[in-house]
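[1] Have a look at this prediction, sequence included:
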Amino acid sequence: SQAGGYAMLVELYLNAEKWTGTARWDDCIAAADKLISSSAGGQNGAMELAPNITHQFKHDNHNSKEVLFAITYNTQTSNNAPPFPADFFYFDQRAIYGGTRDGNDGVVLVPGVYTTFNDDDLRKT
């Protein structure tokens, strides 16, 4: 969607000075304004935050107005067979949802949180 494109531009422009040596603050503001004003649309109409932060992670989040750019996840109802299941699917995907692939529970890790666990904590393995 256009909103997804503008969201990517915001991140690119926000980091432009670090990446290219040239600040792009005005471009960043213009792209962000497209999102804030809803003139770029959204996957489900004008964007708005859910009343509860956890609603974005419910099974019906495909109806969320927070969605700017989505990747199909339900392998039972989708013909999508992405090449990246290890990055986004649960480690036991097939047993949980009856899908055809397993994964590794994602690729995002906050180092500060990881280091708070004891070295013998099973979560570190």
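    Done, it's in. Residues are numbered from 1 along each chain as shown.
[2] okay, CA-based contacts and neighbour counts for the rest of this
    Fine.
[3] What's the first helix or strand after the helix or strand hosting residue 8?
    Here residue 8 sits within helix 2-14, counting by DSSP states H and E. Heading C-terminal from helix 2-14, the first helix or strand you meet, by DSSP H and E, is helix 16-20.
[4] Alpha carbons only: can I get the next helix or strand after that following helix in PDB?
    Counting by DSSP H and E, the next helix or strand C-terminal to helix 16-20 is helix 25-36. The C-alpha coordinates for helix 25-36 follow below in PDB (Å, rounded to 0.1, in the frame of the first residue of the first chain):
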ATOM      1  CA  TRP A  25      14.700  15.900   7.500                       C
ATOM      2  CA  ASP A  26      12.100  17.800   5.300                       C
ATOM      3  CA  ASP A  27      11.600  14.600   3.200                       C
ATOM      4  CA  CYS A  28      11.100  12.600   6.400                       C
ATOM      5  CA  ILE A  29       8.500  15.100   7.700                       C
ATOM      6  CA  ALA A  30       6.600  15.100   4.400                       C
ATOM      7  CA  ALA A  31       6.500  11.300   4.300                       C
ATOM      8  CA  ALA A  32       5.400  11.100   8.000                       C
ATOM      9  CA  ASP A  33       2.700  13.800   7.400                       C
ATOM     10  CA  LYS A  34       1.200  11.500   4.700                       C
ATOM     11  CA  LEU A  35       0.900   8.800   7.300                       C
ATOM     12  CA  ILE A  36      -0.300  11.000  10.100                       C
END
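[5] Where does pLDDT dip in the chain?
    Flagging of the chain using pLDDT under 70 yields the residue ranges 71-94, 97-102, 104-109.
[6] re the thing from before, give the other helices and strands that the helix holding residue 8 contacts.
    helix 25-36 (3 or more C-alpha pairs under 8 Å, 6 or more residues apart in numbering; DSSP states H and E).
[7] any idea where the helices of this protein begin and end?
    2-14, 16-20, 25-36, 85-88, 93-97, 111-114 (DSSP state H).
[8] Take the ones you listed and write them to JSON lines, including mean neighbour count and distance to residue 51.
    Formatted as JSON lines, these follow (neighbours: other C-alpha atoms under 10 Å; distance: least, C-alpha to C-alpha, whole Å):
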{"stretch": "helix 2-14", "mean neighbour count": "18", "distance to residue 51": "21"}
{"stretch": "helix 16-20", "mean neighbour count": "12", "distance to residue 51": "33"}
{"stretch": "helix 25-36", "mean neighbour count": "17", "distance to residue 51": "17"}
{"stretch": "helix 85-88", "mean neighbour count": "17", "distance to residue 51": "26"}
{"stretch": "helix 93-97", "mean neighbour count": "14", "distance to residue 51": "28"}
{"stretch": "helix 111-114", "mean neighbour count": "9", "distance to residue 51": "27"}
